[in-house]
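K.L.:
Provided below for reference: sequence and predicted model.
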Amino acid sequence: MAIHKSLSLAFLLFFLPFLSSSHATISSATAGLPEAEALLKWKASLSPAQVLHSWSLPATNASTNTVSPCKWTGISCNSLGSVTEISLPSAGLQGKLDNLSFPSFPNLIHLNLSGNTLIGTIPAHIGTLYKLMSLDLSANSISGSIPLDIGNLVNLNELDLSINHLDASIPSTLGNLSNLSILYLDQNRISGSIPPQIGNLKDLVQLSLFQNNLTGPIPPALGSIPSTLGNLSNLSILYLHQNRISGSIPPQIGNLKDLVQLSLFQNNLTGPIPPALGNLRNLTLLLVYRNQISGSIPPQFGNLTNLDNLDLSNNSLTVLFLRNSGI
């Protein structure tokens, strides 16, 4: 009996270091990187999606004994193994967007979750993604307001939140996104007026706000050139149709010399068409129908020789002769 106990004790003393080491390795591998933990936690909250089959344990790195998500579907990493892109468009994801811990991804540059069935709200902590350059959450069922903290994403080039159930107003903090070239907020339930701070987005090329519940006037800042209001001279697309925007068409829009498409139809616009619109010689599309615009069509419209699609119907306009008209 004593010999048996001595052998058992010797066995434990001999293998104890190996057992301890093995336990540490498993614990480390299971804990993994914070990014992998956040992704696995989010996956667990979603309805089963075949596209996320690769998001599983173990996926260990022999040198660090940590879980690496870098080869998981839709995930890209930098040379240090940190996640820089999450791209899962139309992947059949169903669940809450706000179950994804955005602060866990300090090096994220691109986030595309468009065309899924994500619900919930856009959490305020999305504003911690300071390196983010593109954010596409379009075509989901996301509700609530656009968080003020989204204005912290100063490196954003593209922001697409269209085709959701977003409400409340457009936060003025969007005016902080000075590098933004594309802004799509169309087909939501956004109300209130267009904040004048949008005029600060001097690099904006495409602005789409149509089919919301926007009210108030079109801010003159959208077309003004003074540095205090920004310079939107690069804007090529401006969609504001199917809202409840009132007031007159600001003549400053005539400063947007690169504008190719201007759509203002189905609003509550009043007053005359400003002659300055005749400065937009690159226009191919101009839709202003179903408003309450009055007066005559300015003769300067004869300068719009590139127009392919013009509709001014369902207003109270009179037509004068347009010299050199190409329309």
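P.N.:
Structure's in. What do you need? Quantities reported herein were computed from a predicted structural model and do not represent experimental measurements.
K.L.:
Quick check: which element contains Asn188?
P.N.:
Using DSSP states H and E, Asn188 falls within no helix or strand.
K.L.:
Please report how far it lies from Thr121.
P.N.:
From Asn188 over to Thr121 the distance is 13 Å, taken as CB to CB, to the nearest Å. For the C-beta atoms, the positions are set from N, CA and C on the backbone; glycine is no exception.
K.L.:
And for Asn243?
P.N.:
Using CB to CB, one obtains 23 Å as the distance from Asn243 to Thr121.
K.L.:
the more surrounded of these two?
P.N.:
Neighbours around Asn243 and Thr121, counted as other CB atoms under 10 Å, are more numerous at Asn243. The numbers are 25 against 17.
K.L.:
Tell me the bridge partners for the closest residue to that one other than its chain neighbours.
P.N.:
For Asn243, the nearest residue in space outside its immediate sequence neighbours is Leu214; the separation is 3.9 Å by CB to CB, 6 or more residues apart in numbering. Leu214 has the following beta-bridge partners by DSSP bridges: Gly192.
K.L.:
Check Ile119 too.
P.N.:
Ile119 forms beta bridges with Lys96, as assigned by DSSP bridges.
K.L.:
How about the contacts made by it?
P.N.:
Contacts for Ile119 (CB atoms under 8 Å, 6 or more residues apart in numbering) come out as Gly95, Lys96, Leu97, Asn140, Ser141, Ile142, Ser143.
K.L.:
Quick check: which ranges of the protein have low pLDDT?
P.N.:
Low-confidence segments of the chain, defined by pLDDT under 70, are located at 1-32, 58-66, 223-231, 319-327.
K.L.:
Tell me, how many residues neighbour the nearest residue to Asp311 once chain neighbours are set aside?
P.N.:
Counting by CB to CB, 6+ apart, Asp311 lies nearest to Tyr289, which is 4.5 Å off, once chain neighbours are set aside. Other residues within reach of Tyr289 by the criterion other CB under 10 Å amount to 17.
K.L.:
do the same with Ser172
P.N.:
Other residues near Ser172 number 14, with proximity taken as other CB under 10 Å.
K.L.:
For it, list the residues it contacts.
P.N.:
Gly151, Pro195, Gln197.
K.L.:
mind putting these in a markdown table, distance to Ser134, neighbour count and secondary structure included?
P.N.:
Supplementary listing: these in a markdown table, determined by distance: CB to CB, whole Å; neighbours: other CB atoms under 10 Å; DSSP: H, G, I helix; E, B strand; the rest coil:
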| residue | distance to Ser134 | neighbour count | secondary structure |
| --- | --- | --- | --- |
| Gly151 | 16 | 18 | helix |
| Pro195 | 22 | 18 | coil |
| Gln197 | 21 | 20 | helix |
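K.L.:
Give the single residue among those residues positioned nearest to Val205.
P.N.:
Distances from Val205 to those, taken as CB to CB, are shortest for Gln197 (17.7 Å).
K.L.:
wait, that closest one sits on Ile170?
P.N.:
No. The criterion here is CB atoms under 8 Å, and Gln197 misses it with Ile170 at 9.0 Å.
K.L.:
Which neighbours do those two have in common?
P.N.:
Common neighbours of Gln197 and Ile170 (criterion: CB under 8 Å, 6+ apart): none identified.
K.L.:
Leu207 sits in which helix or strand?
P.N.:
Remark: Leu207 resides in strand 206-208, with elements defined by DSSP H and E.
K.L.:
Output the contacting helices and strands for that strand.
P.N.:
Counting contacts by 3 or more CB pairs under 8 Å, 6 or more residues apart in numbering; DSSP states H and E, the secondary-structure elements packed against strand 206-208 are strand 182-184, strand 237-239.
K.L.:
partners of it, with directions?
P.N.:
As defined by DSSP bridges, the strand partners of strand 206-208 come to strand 182-184 (parallel), strand 237-239 (parallel).
K.L.:
out of those, which comes closest to Phe210?
P.N.:
Between Phe210 and the strands paired with strand 206-208, the tightest spacing by CB to CB is seen for strand 237-239, at 4.4 Å.
K.L.:
could you point out which element follows the closest one?
P.N.:
Heading C-terminal from strand 237-239, the first helix or strand you meet, by DSSP H and E, is strand 244-247.
K.L.:
All the helices of this structure, residue numbers only.
P.N.:
Counting by DSSP state H, the chain forms helices over residues 2-31, 34-45, given from the N-terminal end onward.
K.L.:
circling back to that earlier point, got the contacts of Ser172 as CSV, with distance to Asn303 columns?
P.N.:
CSV is the format used below for these (distance: CB to CB, whole Å):
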residue, distance to Asn303
Gly151, 38
Pro195, 31
Gln197, 31
